[in-house]
Structures are given as C-alpha cells and as structure tokens.
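Q: got a sequence here, can you model it:
(2 chains)
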There are 2 protein chains.
Amino acid sequence: MNAKPHFLPHDPIQLDSFTFEPFPRSKKVYITGSRPDVRVPMREITQSPTPLANGSVENNPPITVYDTSGAYTDPDVKIDVRHGLAAIREAWINDRNDTEILSQISSHYGQQRLIDSRLDAVRFPQHRLPRRAQSGQNVTQLHYARRGIITPEMEFVAIRENQRYQDIDNNPLLTQQHPGHAFGIRTPRVITPEFVREEIARGRAIIPANINHPELEPVIIGRHFLVKINANIGNSPTTSSIGEEIEKMTWAIRWGGDTVMDLSTGKHIHETREWIIRNSPVPIGTVPIYQALEKVEGKAEDLTWEIFRDTLIEQAEQGVDYFTIHAGVRLAHIPLTAKRMTGIVSRGGSIMAKWCLAHHQENFLYTHFADICEIMKAYDVSFSLGDGLRPGSLADANDAAQFAELETLGELTQIAWQHDVQVMIEGPGHVPMHLIQENMDKQLACCAEAPFYTLGPLVTDIAAGYDHFASGIGAAMIGWYGCAMLCYVTPKEHLGLPNKHDVREGIVTYKIAAHAADLAKGHPGAQYRDNAMSKARFEFRWEDQFSLSLDPLRAREFHDETLPQASAKTAHFCSMCGPHFCSMKITQDVRDYAQQQGLAQVEQAIDLGLQEKAREFVAQGAQVYHPRRE
Amino acid sequence: MNAKPHFLPHDPIQLDSFTFEPFPRSKKVYITGSRPDVRVPMREITQSPTPLANGSVENNPPITVYDTSGAYTDPDVKIDVRHGLAAIREAWINDRNDTEILSQISSHYGQQRLIDSRLDAVRFPQHRLPRRAQSGQNVTQLHYARRGIITPEMEFVAIRENQRYQDIDNNPLLTQQHPGHAFGIRTPRVITPEFVREEIARGRAIIPANINHPELEPVIIGRHFLVKINANIGNSPTTSSIGEEIEKMTWAIRWGGDTVMDLSTGKHIHETREWIIRNSPVPIGTVPIYQALEKVEGKAEDLTWEIFRDTLIEQAEQGVDYFTIHAGVRLAHIPLTAKRMTGIVSRGGSIMAKWCLAHHQENFLYTHFADICEIMKAYDVSFSLGDGLRPGSLADANDAAQFAELETLGELTQIAWQHDVQVMIEGPGHVPMHLIQENMDKQLACCAEAPFYTLGPLVTDIAAGYDHFASGIGAAMIGWYGCAMLCYVTPKEHLGLPNKHDVREGIVTYKIAAHAADLAKGHPGAQYRDNAMSKARFEFRWEDQFSLSLDPLRAREFHDETLPQASAKTAHFCSMCGPHFCSMKITQDVRDYAQQQGLAQVEQAIDLGLQEKAREFVAQGAQVYHPRRE
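A: Numbers count the residues shown, from 1 in each chain, chains lettered A, B, ... in the order given. So this is what the prediction gives:
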C-alpha cells in the first residue's frame, strides 16, 4: 500500500503502512504565514455535490480541519524514521540569535550513553548537538511574549487555531452555531497572533516548544483556544520495544493527539525518547523522575537533586517540550493521605512521598524549584506541575490532600512566572460528576488561570476495560468548564499497557470529549464540521459522512458490515431501516410538500432566530399553514 | 460449557452458551418479600480476603448488585426458549381478581397470523390466551397506587432498589459517599413499598408491567430511583433473524439492560415479538406505528385509526409493557421543522408528519388519545410519549419544533393521568452539552415531573462509529439532572443495525453513564461498589477487581493480554509499571511509615469529615507530623 521506507534499522518492528495513508478524500494543505517558512498544515476534506430535484447539483464546500498528523500524511514528504522529521523551526530559532549550539551533550548521563557501544544497536542513527540559551538569555515563548515579541510559533498557532474557518463564512447553513456557555471566557472570532501573544504573556496559554525540538509543529494550550488532548505512551519493564513506541506515537497523532507523553519506565528510556522526539511533530512531555528513579535502581530514597538535575538537562537537550514535576507533594501534605481509600496513586507523587519520609526532609523538587526554572528557561521547557496527590478513587476526590497540593502548585506557578517559564497544571483523576466543576474553579483561583491539564477525570471506579469512556465523560465536562488539555485514558487503564489499537480508541474518545467541550463553550467555528456532517447525513451522502467523521475508517467499516456494495453509498437508506422505511427520506418528502404551502411568517421568524415567535405564529393561526384544514 | 438446551427449534441460530454463564465469583440470590412468591433476584459478588502484614487475613464482605439478567444466570433454572420463562407474576395478577382470560386473541391481525400455517415454522410453540381487564376495571399500577394499594410489583421494586445495601451498613469504608447534587430530589436511605406507591401515584415513577407479561421481573422508572437504561433491538428488512433478536435481548439483560425495545421493521414482526416477550424478564417496549406501517405496505398516508387500534390490541395482548406513541407530532408543528438542518429524524415522527400532510388533518394519535388510554388501562401498558420532532443534529437542538411538541406531551400526560395510565416522556437526540439541562428542566415543567426517557443525547454529530460514547456523555449528564431512563446508543448508530457485540458495548457504556448519574445525584448506596473496587485495587486483589467491574470478562481479558499467568492475579503490580515501580505499592509503604508517626489530630479531623480542618492542622504545625524535621 505504501512504498516508503518505514523500517527501523535495528528493530524488527515495521511501522504500519496505515500510518502513512492520507485520510479518505482528504489532502494536506499548508497555509503560509508572514514568512514563507511558517507553513501551517491542515487537512482539507472534499465533499460530494448534492444532487437536486431538477437534475442539477449543488456543490458543497471543502471542510478544513485541524491536523495533528504531521508530515506522515503528506504524500509529498518522504518519511524515514532513521532520519527523523524536517527541522522546520530551526531558522526561527536561529533568527532569534539568543541560543548557541553546544560542542557536546551537557548531561553526564547523556555522555555516558553516547559512548556506550553496546547501545549502538538501539541508538537513533543521527547524532545531533544540543542547543541552549546563550548565557544570560531566556528563550521561552513567555519571555518573548512579555517583551511584546510575536514569534513565528505564535503566528503558527494563530493560523492553526482558525482552521481556515473564514473560507465558509458565506455559508450560513454551515456557520450556524449555538451561543455557548463559556464560563466567562471570550474567544475572538478570529485568533490573531497578537491575541496569542497576550494570552501567553498573561500565563493563560502556553506553547510547549523546546529549542531542541525543531521538528515541532507548534500547538497552543489554553482555555481560549481549542481544547487539546494528550496521549500517554511508553514502555514498561514487562512490555514493548522502541519500534512499538514510535508506532504508538504515530498512531496517536494520526487520530488527533495534540501532544504525546513518553512515560517509559522500561529498557532504553534515553534512546527510546530520542527516536520519538526526532520523529514527532507534536510536543513531547515526560516525567523526568521516572528516569531518575531508574538511575538509582528503583530506590526512591536514593534519589538526589544532582541525579535529577542531570536528568532534566539530559532530557531538555534531547528536546522534551514539557516536564511533569511533582514539586507540590510537600512533606506536610503526606499525612493528609494516610486515611485515603487509595493513598497516593500518582507514580511521581508516591516516589517523592517516599523520598520525603525516608529523609524527613522537604521535597527536593520544591526546595530546588528556582534551580529547575533556571534549566527550563535555557531550553524553553514548559512546566506541567504534577498532581502527585490526585485522587485514585471517587472516595478520595476533592479531599484535603488534593487541594493542599493545588495551593502549592499555585505558589509554584508564581515562581515559574517570575522566571518567565511557561506553566500548566495537572489535575485529577477520579471525581464524581458533581464535584468536577469545583476542581476547575479552584484551579483557576489557586493558579491564576494557568492552563489546566487533567487526566479524565473518571466519573466511576467500576468501569475497568471501559475507563476511556468513564474518564471521557469527566473530560468532556471539565473541558467545557475551562480545562485546556485532556490527558487521554485508554481502555487498558488500570489493567495493562496500551497497544496502538488502544491508543486509537483512547484518542478518538478524547477527540469527542474535547470537541464536545468546544461546542459547549461556543468556541468560534466549533460547529461547522458537525453542520457539514448533518447536512451530508440528511442528504444521504455516505462517503461524505465517513470522511467528515473523526474516524472515517471505523465509520465506513461499520456501515459496510451490513451494506458493503458500492450502490449503498449513494442509496437513500441504510441497514437500520431498510429501503422503504427511512425517516430522513420521509422528511424530505414532507419538506418538499410543506414548502409548497404558505409558510412565510413562520420561516421568516425562524430565519431571524425568533423560535418563540415562530411557535406563536403556529399556535395562533391555522391560516399560516393549513388552508384546507377543516 | 453448558449442557442446557438452547436451540430454537425452527431456527438455525444457537444462543451463545455465554448467555447462560453466571458472572465470575457471583451467585444469584433471591430476597423474599411479604409473600413467598415475591422473590427479588440479585447478584452477590464474593470477595477475597485481604492478607494482613501479621500473616492473618481481613475478610471482605460480599457485594450485592442489581441484577437484570433474569433466570438465564441462575444455574438452578432450566432455560428452554421454546417454553419461555416462568410466569412469576401470574398469581399476583390472578389475586387481584380484576382481569379475565379471553377465549381468543382480540385483534383481527393476531387472529390471522395464528391460523396462517405458513407461519408455523417461525411461531413461538406455546399458544397462550390473552388476559384483559374485566369490563369497567382499570388494572394499571397507577390506578392501584392512587387507591392506596401496594401491589406485589411495588414491593418487588422496593426490595430491588435497595440492593441489600443494609448488609454493609456497618462498614464505614464501603458505605462512605459524597453528598450528591440531586437538583432538588430526595431519595430516602431505604426505599419502602409505600414510597414506591407514592411516587407512582404522583406520576413521578412508573412500573411498566403488562398483565400479559407475567414473566416480568418488575422494574421502576423514576428519578427518585436508580437511573435505568434501555436497549433497542429489532430486525430490519435487510438483516437479522428471530434467533439473533432473542440473543440480542439476552445479551442486553446480561450486561445490565433494564428494559428492551423491539423496534423490528423487517419480517415476522408479530412472531419475533412473541418469542422475545415470552423469554424476557425485563419490560418490552415497542413503537406500534412501525408495525402498522408494515400493514399498509409502507404507505404512511394509508394508515388509519382502525389499523393502528388493532395493532395496539394485538401487541397489548402479547404483553408489550410500554408503547411509544407519537401523539405529540401535531399538524401545526410540522412547519416548524421545514427549515431544520435535518428535518424530522424520528421514524414515528416522520410517519405521522407525512400522514398529517397527506390528509391535511390533525394527527390521529392525538385526536384518538383518549381511545388509546382506554386500551392501555385494560392491559396496563405504559405510555412512552414519543418525541417525534427531536433534533437529529446539534443545529436543530432545543428549537421551536422540539419544544412545541414537548408542550403537547405535557398536555397528553394530563389526559393519560386522568385515565390512570402510566406515562413517561421521550427526549432527544442531538444536543450540545450546555443545552442539555434546559431539556430536563423544561420536561419537568411541561410534563408535571413524569419520568423522562432520553436517547443520549449525542453531544456532537461527527462521532460516527463512536456514537455510543458521544451520546453516553450526554446521557450521564441528563441522568444527573434527573432523567429516569437512558436509551442506549450503540457504536453502529447512524451506520447500521447493531449485532449482539454492539449491544454489549452500548449497554456497558450506558451502565457507566447511569451509574455516574446515580453517583452525582448522591443516590443512597450508589458509591459502595466503587468503594469496594477501589479497596480491591489498592490491595492488588485482581480477581476482585475483575468481578466488581461492570464487565468482568473484558477487564480480565485486558489484564491477561500482558500478564496471563495465574501468579499475576495476586501480584502487587501490573504490566503498566512492572514489579519494581508501582505507586500503590509505594503508597502502602508510605502509609505504614506514616502511621508510626503521631497524626492524631489530622486523622481525627479527617475521620470527622473536617477536611479543611485537617489542612489547617497540617498548615499550622510541623509538630503534628515531623518531629525530627530541621
């Protein structure tokens, strides 16, 4: 199906050719910004025309959608995972003239790995030298934003967020949208680079974009923008290979993942990460304490600031875009977890808790927080302040431990901002529906509106095997309430490590949740794809229904299970009701009929959005509609 | 695996032996009421003991859960689908002495089918004579309730709703629960038969229980009770056989379906229904207009009151427990749909709209509504007043047509109640999250708190292939807001007819939504299964985690994909983090350690629910916890 080379040289695993296939009836388009190398990728979905009763057709406009899949779905780009993606940001970074290429890797650990010939077989083939801020420079997007500078990254995300929506502005059927309930936020109809800059300067949005990840297609995370989703991948000591992890990354972005976290805790963490970053067009996040723990052979009490610091630098120089740092698990909070149903369920949180207790000392991530900021700003790594005390069960939701930590995260946000380091805040977890909004409200209050990034939350504990869904309910709700990014949960949650199929299931579930949130907020343009889909549905344009779906392949597969023949793709029925019994078909008859009647007043009222008025007309007068009624 | 006969004599389809397997570590128990034949089935899940550090064990109580699966999961009952289930309600109905067994089927159509020897091969083998109210009698549960009579059905559902929750009342860890947000409703801690009677008399709850469905295990639908879910099954002209439909019904109840609607529009509708009802322990609903339309060969304009009336009687005498009747689609409402994105998407709604337009007359279901009530009360068929003008797309949500119909449904509710006929109200459809609550609030206001029964709603239109989830989000939310029953949506929605696997997926998704709603409402006892699950999770009791899950088989299957060996079932780790890196394990270490410290004040505050107080103690004094801290 695809002739591109997509083997890993040292690995028996082959990337699924599926990864490289453009979506049906879709083509990759690029919108160019103010400089020719700001080329923002989107996916344009072609629609079929609508056949009209008089034998002519009405054309339906192409629908442009947000595209996270990177060059993998661009047939004009040759993908070779041994070389990685093109460094599209390199000129932007160079032009700022505030960084330098180092002569060697700074971290001790990174240096050791590089010279270890036993790792040659698993090492990413291209060696690159890291980049760092020049002495005294701060290279974060927040720093630029506060100085009034609009970076190419900011312009890129502004174009990207607009999704070329203005192209269908003249189509009222497609642009119609319910006013949302956005809990006070106001997103402008057109996102400008200046609006992006303001939101970043205010700390309300971040663009995770390490200067060592020039392959990145920038993405913005903040509640005035489209709700984003993250996919966790990563191996564990019992499962998975580098090839599988790269494949999971490509599947995550293919189905709509905006960022990917590599949570590997198994073999070759350093090398796996290099492969992933070099091949990732989306921001990569990590939890550095996981690797630090591996370095001390799993003994939390043996962790030191020096080992952790070296890990931060090692990962920052590879190009990790955001770090989860569990600096809010303070010694004083730990007793608050003693009576919990499920104690501390965050891995990072439990590691730090164990360290604190073993040493009877304050969490070193907390005491060294300013030192961490110094590293972050030299590479523009964003903070994802970890919720180490998040509830692992409904019973523990919104408890003293959780909210004590949240207050500390608010305090740390202010410190990070003093260093012009970008920050988002991680959130729970397991929370019943009626307690979700309190999480959002408290986060905004404690953390001065820094973007919130939540795992679910799961709204019940008894859905093992279906936790993508149990958490997706909570995710949709908290996205509506203002959460900026939703960390997906796969069907394997609580049971095992996800494979690529679970990644797809988790991602699509979370795309639904995120999109539902955008719709409820009334995010500008959020409804136009739904409108196009509904129009296609009403007109029995089956191919368009498939291609407008979030997962076109699944939609077609399900349809074809009962009606595989090509003729069914244009048939005015489906297997649900059969050919002689279709409500949509009957409705079209009704509509044709009704339009022959005099409905001027009613139609005009509806056109003007005067629904109540329209009902009044109907209620008042039979003459409006049924002249022949007895 | 199972030696029971489970073949259909005339059908090559074999019921999956899976259908007859009890759930893992579960046994069917019956709670006996005030008379020995009120035997309420439940499922008791056995838990493993918790190993303690001192070598002894702590026992964990069995967890009793609601059980919709009927005799199929009772190894003591011999199932033979050719004979149907035992008529457990027969004595209750006889004892009321207000019904009579007819000498023959009343409906003309039913008589014709009976004597047609070509149908012998597909006909249910046992012929039974129908039962009807004696002349002048009203045999509805609402009628009894209003006269102060507590029926065995009412007692049955009272026992059933309590789920034997009092058995664990002495276990504060399991009984702890967040106070809910129940939008004004107050469900008592213990549901009494008298409370059930009051709710039914008030019209706020219904027990759909046709006197011709004596096999029924009664269930109550109302917002002071557990949120219920319905599964739609039924063939279409292009797919499925009787055997498949019976199997879908058994799968639906196995996974937790509280009621089943047979929406068949294909071959042998009458015979299929007989097979389903005789084998169903849950209420069966239908949309009689579907069959009426088949009788006039799909020509809506040829429908007549006489044909419809005969169909109602035909189905009522078979034992259908509730009818969807689209009497709210008034002629005057139809113009309101002319400008819609997706017109009229309800099959019943579009049939009636077409009829109204063809004849320029008011909907005959509306004009004959009192006549319909007369039939309903003679058999105790409940109304499910259909939302024929529900929105089929986000664009059409909460519009003039939808709410005009809802007002009519409110008017019809009052008429039904004048006849002591039980009523619930159907609701949408496609609605963005922020417009869902308006649906619930308006329904309560218009329909005087008659139970609401919604399809989803779907919160986006672009999730084809995943609409079980896109609708499950809306279902969970409207369940929280007060919806009494949620009609499931399967992954095949909009694409094809569901098979039994889709039924399972749809049901489990909706069980999650309904349970999440119960939790958010703070329904008494809703959290205890979650608590048991979380405790099992924290203690690495893997077998208990599987058996406490809503779908134990899926949970085990996912776990075993990476760790199939038996030893992993008691291991203190899983494939997610591997043996040396488990947050729960670390937390237990932390907890053991922390408990050696002096935490009296903090613990006491937490015990008392004084979370804020506990945080204050921690904030105030290092002396509370870390005596050795520098």
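Q: tell me who's in contact with whichever residue of the stretch 51-200 of chain A sits closest to chain B.
A: Shortest the stretch 51-200 of chain A-to-chain B distance, computed as CB to the nearest CB: residue-wise this is A:His181, at 4.0 Å. Bear in mind the C-beta positions are built from the backbone N, C-alpha and C, glycine included. The contact partners of A:His181, taken as CB atoms under 8 Å, 6 or more residues apart in numbering or on different chains, are A:Trp480, A:Ala520, A:Lys521, A:Gly522, B:His434.
Q: narrow those residues to those in helices?
A: Of the positions in the contacts of A:His181, A:Trp480, A:Ala520, A:Lys521 sit in helices, assigned by DSSP state H.
Q: output those residues in CSV, with neighbour count appended to each entry.
A: Formatted as CSV, the ones in helices among the contacts of A:His181 follow (neighbours: other CB atoms under 10 Å in any protein chain shown):
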residue, neighbour count
A:Trp480, 29
A:Ala520, 27
A:Lys521, 26
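Q: what's the closest of those to B:Ile277?
A: Ranked by distance to B:Ile277 (CB to CB), the ones in helices among the contacts of A:His181 are led by A:Ala520 at 40.6 Å.
Q: my read: the closest one touches B:Met433, true?
A: Yes: when contacts are counted by CB atoms under 8 Å, A:Ala520 is listed as touching B:Met433 (3.8 Å).
Q: adding pLDDT and distance to A:Thr175, write the contacts of A:His181 out as JSON lines.
A: Listed next are these as JSON lines, based on pLDDT from 0 to 100; distance: CB to CB, whole Å:
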{"residue": "A:Trp480", "pLDDT": "98", "distance to A:Thr175": "21"}
{"residue": "A:Ala520", "pLDDT": "98", "distance to A:Thr175": "18"}
{"residue": "A:Lys521", "pLDDT": "98", "distance to A:Thr175": "17"}
{"residue": "A:Gly522", "pLDDT": "96", "distance to A:Thr175": "13"}
{"residue": "B:His434", "pLDDT": "98", "distance to A:Thr175": "19"}
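Q: show me which pair in the residues you listed is furthest apart.
A: Between any two of these, the greatest separation by CB to CB is 10.2 Å, found for A:Trp480 and A:Gly522.
Q: counting by contacts, list what the helix or strand harbouring A:Arg537 packs against.
A: Using DSSP states H and E, A:Arg537 sits within helix A:528-538. Counting contacts by 3 or more CB pairs under 8 Å, 6 or more residues apart in numbering or on different chains; DSSP states H and E, helix A:528-538 packs against strand A:63-66, helix A:172-175, helix A:542-548, helix A:583-595.
Q: any idea which of the ones you listed scores lowest on pLDDT?
A: Of all the helices and strands packed on helix A:528-538, mean pLDDT reaches its minimum on helix A:583-595 (a mean of 64).
Q: what touches both of A:Trp480 and A:Gly522?
A: In contact with both A:Trp480 and A:Gly522: A:His181, B:His434, using CB under 8 Å, 6+ apart.
Q: now the strands for the stretch 51-200 of chain A?
A: According to DSSP state E, counting those that start in this stretch, the stretch 51-200 of chain A carries its strands in the segments A:57-58, A:63-66, A:99-101, A:131-133.
Q: neighbouring strands of the third one in the sheet, and parallel or not?
A: Applying DSSP bridges to the sheet, strand A:99-101 is found paired with strand A:131-133 (antiparallel).
Q: and the contacts of the partner strand?
A: A:93, A:98-102, A:106, A:139, A:211-212, A:317, A:377-379.
Q: quick one: distance of it to the chain centre.
A: 27 Å (CA atoms, centre = their mean, to the nearest Å).
Q: now it: average pLDDT?
A: Strand A:131-133 comes out at a mean pLDDT of 98.
Q: same question for stretch A:18-32.
A: On average, stretch A:18-32 scores 91.
Q: need the residues that contact that stretch.
A: A:1-2, A:4, A:6, A:38-47, A:64, A:67, A:72-76, A:79, A:159, A:164, A:247, A:250-251, A:254, A:543-544, A:546-547, A:552-553, A:556.
Q: same deal with stretch A:109-124?
A: A:10-11, A:82, A:84, A:104-105, A:127, A:242, A:268, A:270-271, A:274-275, A:278, A:295, A:310-311, A:313-314, A:317-318.
Q: who in the stretch 201-350 of chain A is up against chain B?
A: Within the stretch 201-350 of chain A, the positions lying close to chain B (CB under 8 Å from any CB of the partner chain) are A:236-239, A:265-266, A:290, A:293, A:298, A:300, A:331-339, A:341-347, A:349-350.
Q: buried set for the one helix or strand A:Asp560 maps to?
A: Per DSSP H and E: A:Asp560 is located in helix A:552-562. Using 16 or more other CB atoms under 10 Å in any protein chain shown as the test for burial, helix A:552-562 gives A:Pro552, A:Leu553, A:Arg554, A:Ala555, A:Arg556, A:Phe558, A:His559, A:Asp560, A:Glu561, A:Thr562.
Q: swap in stretch A:105-121?
A: For stretch A:105-121, by 16+ other CB under 10 Å, it's A:Ile105, A:Ser106, A:Ser107, A:Tyr109, A:Gly110, A:Arg113.
Q: ends of it, how far apart?
A: From its first residue to its last, stretch A:105-121 covers 20 Å (CA to CA, to the nearest Å).
Q: tell me how far it lies from the chain's centre.
A: For stretch A:105-121, the distance to the chain centre is 32 Å (CA atoms, centre = their mean).
Q: next: stretch A:232-247.
A: For stretch A:232-247, the distance to the chain centre is 20 Å (CA atoms, centre = their mean).
Q: show me the shaky parts of chain A.
A: A:1-14, A:238-240, A:570-630 (pLDDT under 70).
Q: tell me how far the residue nearest the centre of it lies from A:Ala514.
A: The structure's chain A has its C-alpha centroid closest to A:Ile229; by CA atoms, centre = their mean the separation is 2.4 Å. Between A:Ile229 and A:Ala514 the distance is 5 Å, computed by CB to CB, to the nearest Å.
Q: what about A:Ser567, neighbour count?
A: Per other CB atoms under 10 Å in any protein chain shown, the neighbour tally for A:Ser567 reads 7.
Q: also A:Thr46?
A: Per other CB under 10 Å, the neighbour tally for A:Thr46 reads 15.
Q: my read: it touches A:Pro62, true?
A: Yes: counting by CB under 8 Å, A:Thr46 touches A:Pro62, with 5.3 Å between them.
Q: hey, what's in contact with both of those two?
A: With CB under 8 Å, 6+ apart, A:Thr46 and A:Pro62 have no common neighbours.
Q: surely A:Pro49 and A:Pro62 touch.
A: No: counting by CB under 8 Å, A:Pro49 stays clear of A:Pro62, with 11.9 Å between them.
Q: more crowded one of the two?
A: Using other CB under 10 Å as the criterion, A:Pro49 and A:Pro62 rank with A:Pro62 on top: 18 against 13.
Q: now do the more buried one against B:His83, distance only.
A: For A:Pro62 relative to B:His83 (CB to CB), the value is 60 Å.
Q: try A:Gly266
A: Counting by CB to CB, the separation of A:Gly266 from B:His83 is 57 Å.
Q: between those two, who's got more neighbours?
A: A count of neighbours by other CB under 10 Å puts A:Gly266 above the other of A:Gly266 and B:His83, at 20 against 14.
Q: you'd agree the more buried one is up against A:Pro237?
A: Yes: the criterion here is CB under 8 Å, and A:Gly266 meets it with A:Pro237 at 4.7 Å.
Q: tell me which helix or strand A:Ile31 sits in.
A: Secondary structure (DSSP H and E) places A:Ile31 in strand A:26-32.
Q: next helix or strand past that strand?
A: Scanning forward in sequence from strand A:26-32 by DSSP H and E, the next helix or strand is strand A:39-45.
Q: re earlier: quick check: of the ones in helices among the contacts of A:His181, which lies closest to chain B?
A: Checking those one by one against chain B (CB to the nearest CB), the nearest turns out to be A:Ala520, at 3.8 Å.
Q: quick one: the residue of the stretch 101-250 of chain A found nearest chain B from A:Thr509, how far?
A: In the stretch 101-250 of chain A, the residue that lies nearest chain B is A:Pro237 (3.4 Å; CB to the nearest CB). The gap separating A:Pro237 from A:Thr509 is 27 Å, by CB to CB.
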